[in-house]
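In: how would this look folded up:
(chains A and B)
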2 protein chains.
Amino acid sequence: MATEPPEDARNSADTHPGASPGKTPRTARGRATMRRLLDAAAQEFAESGFHDASISGITRRAGTALGSFYTYFDSKDAIFAALVRDMSAQVAKAAAAKITPGSSGITREGEALAAFLGFAREHKEIYRIIDEAEFADPAAWRAHYEGTAKRITRRMDDSVAAGTLAPGDNEVRAWAIMGMNVFLGLRFGVWAQDRSIEEIVSATTALLRGGMGNNR
Amino acid sequence: MATEPPEDARNSADTHPGASPGKTPRTARGRATMRRLLDAAAQEFAESGFHDASISGITRRAGTALGSFYTYFDSKDAIFAALVRDMSAQVAKAAAAKITPGSSGITREGEALAAFLGFAREHKEIYRIIDEAEFADPAAWRAHYEGTAKRITRRMDDSVAAGTLAPGDNEVRAWAIMGMNVFLGLRFGVWAQDRSIEEIVSATTALLRGGMGNNR
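Out: Numbering: from 1, shown residues only, chains lettered A, B, ... in the order given. This next block holds a predicted model:
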């Protein structure tokens, strides 16, 4: 664990995860083109779905030549896999950016939820893309959730060590909290914005802080 | 609310939700054939995916003539929509069957989670089918989650009224709990069974009962 790079670097979207083997861009211009292709792919897959999306549709949206696509990616499957990893990293980065330095415990979980709800409202396409990965790229789909759960477990381990979270089963808690966040983001981020992010975060942190039992 | 039928009847898989218009079976034999077709469709869609699944594949698995299919359903889309409603009802029915009469509050939430984890272990195909509905039948997909969230909200309203749950924002709580259950079922029901249902339920009910804050 100690040998891993810091979270920000590890999860930065700027690292362009997932060019096909031997195709990692080596110049700033190459990285910018690859970024444009990934953003165009997000639009194309979200609007057309994996099956109907096409490489020419992606390059048209990106305003690049077809040859540029193959400079970085071997296939539609390859850019889809890269996109899933890229969106996964973007979510993690957005969350990290919104967390107050030194925040811990329930406060930190609430900040992460607020960041995720904001991200879901701005990037509604993320659900369709990550969810379609279950069928188009099951390994990338599973890696996204296992990676996210590990990150949540780690930050809760830190909070328990800091004394800001009661000790408990952080693996189960992490999967529970990830599921909460995903469904709250779907209902209150993507489907409707009839309630404010503050209300959602307040109700959720109250649940996480003190539970809802009435037998005390 | 008081005019609704009791939960067991409303959610019974025996009501065969979703024959195509004008095609509801009127005999016990017809209902049995429709049941066989829905069970065969669950296997076919889970193994082949929506796109590659075929009506002839479904009737072959069901051991019925092709004509029987059209007695109840208009199309592959129609039986898929019926299947999503049917699985949604089966989950609700399995949960209702495992809840101790009169149980309330956190105890009832824990029983519902235990029932769902057991159901997910026995019917791993439910994830693939419900998840694919996001693409093959978005309205049925959304109805499944909105219906489930309403059911959870209602049972928490009952618990608050009975004094077994602290008052709070039951709409947000319901979406949070549904998300928890879905992801715990994916990780500890479908992907791996390395931990017992009792451990998962115990850690989750501890979280729901008293939270995990450490600032009291």
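In: Kindly provide the distance from A:E198 to A:M180.
Out: Separation of A:E198 from A:M180 (CB to CB, to the nearest Å) stands at 17 Å. Where C-beta positions appear, they are placed from N, C-alpha and C, glycine not excepted.
In: Would you mind telling me which of the two has the busier surroundings?
Out: Neighbour comparison, A:E198 and A:M180: the larger count goes to A:M180, with 26 against 11 (by other CB atoms under 10 Å in any protein chain shown).
In: so the more buried one is in which element?
Out: Element membership for A:M180, per DSSP states H and E: helix A:170-185.
In: Which neighbouring elements make contact with that helix?
Out: Judged by 3 or more CB pairs under 8 Å, 6 or more residues apart in numbering or on different chains; DSSP states H and E, helix A:170-185 is in contact with helix A:105-122, helix A:138-162, helix A:197-210, helix B:170-185, helix B:197-210.
In: Out of these, which one sits most buried?
Out: Of all the helices and strands packed on helix A:170-185, helix B:170-185 has the most neighbours on average by mean count of other CB atoms under 10 Å in any protein chain shown, namely a mean of 24.
In: Convert it to CSV, retaining C-alpha atoms only.
Out: Coordinates of each C-alpha in helix B:170-185 appear next as CSV, following Å, rounded to 0.1, in the frame of the first residue of the first chain:
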residue,chain,number,x,y,z
ASN,B,170,-37.6,7.9,4.4
GLU,B,171,-37.4,8.6,0.7
VAL,B,172,-33.6,9.2,0.7
ARG,B,173,-33.2,6.3,3.2
ALA,B,174,-35.1,4.0,0.8
TRP,B,175,-32.9,4.8,-2.2
ALA,B,176,-29.8,4.4,0.0
ILE,B,177,-31.0,1.0,1.4
MET,B,178,-32.0,-0.3,-2.0
GLY,B,179,-28.5,0.7,-3.4
MET,B,180,-26.8,-1.0,-0.4
ASN,B,181,-28.8,-4.2,-1.0
VAL,B,182,-28.2,-4.3,-4.7
PHE,B,183,-24.4,-3.9,-4.4
LEU,B,184,-24.1,-6.2,-1.4
GLY,B,185,-26.0,-8.8,-3.4
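In: Now do that helix and helix A:138-162, the angle between them.
Out: Counting by axes from the mean of the first three to the mean of the last three CA atoms, to 10 degrees, helix B:170-185 lies at 110 degrees to helix A:138-162.
In: how much distance is there from helix B:170-185 to the middle of the chain?
Out: Centroid separation for helix B:170-185 versus its chain: 13 Å, with CA atoms, centre = their mean, to the nearest Å.
In: A:D52: how many residues sit nearby?
Out: 10.
In: ok, now how distant is it from A:E44?
Out: As judged by CB to CB, A:D52 and A:E44 stand 9 Å apart.
In: what does A:E111 give?
Out: 32 Å.
In: now A:I58
Out: 5 Å.
In: OK, contacts around A:E198?
Out: Shown in contact with A:E198 (CB atoms under 8 Å, 6 or more residues apart in numbering or on different chains): A:A114.
In: repeat that for 10 Å
Out: Contacts for A:E198 were tallied using CB atoms under 10 Å, 6 or more residues apart in numbering or on different chains; they are A:G110, A:A114, A:L117.
In: Hmm, A:G189 and the last one touching each other?
Out: Right, the one you point to is A:L117. Yes - applying CB atoms under 10 Å, one finds A:L117 in contact with A:G189, separated by 5.0 Å.
In: Which neighbours do those two have in common?
Out: By CB under 10 Å, 6+ apart, A:L117 and A:G189 have these common neighbours: A:N181, A:I197, A:I200.
In: so can I have a markdown table of those residues showing distance to B:G213 and pLDDT?
Out: A markdown table is the format used below for the shared contacts of A:L117 and A:G189 (distance: CB to CB, whole Å; pLDDT from 0 to 100):
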| residue | distance to B:G213 | pLDDT |
| --- | --- | --- |
| A:N181 | 18 | 97 |
| A:I197 | 21 | 97 |
| A:I200 | 18 | 98 |
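In: From those, pick the one nearest chain B.
Out: Set against chain B, the nearest of these by CB to the nearest CB is A:I200 (5.8 Å).
In: Verify the stated contact: the closest one with A:L186.
Out: No - using CB under 10 Å, A:I200 is not in contact with A:L186, being 11.8 Å away.
In: Can you check which residues contact both of these two?
Out: When contacts are counted by CB under 10 Å, 6+ apart, A:I200 and A:L186 have B:W175 as shared neighbours.
In: Quick one: end-to-end length of stretch A:70-81, please.
Out: Chord length of stretch A:70-81, first to last residue, is 15 Å (CA to CA, to the nearest Å).
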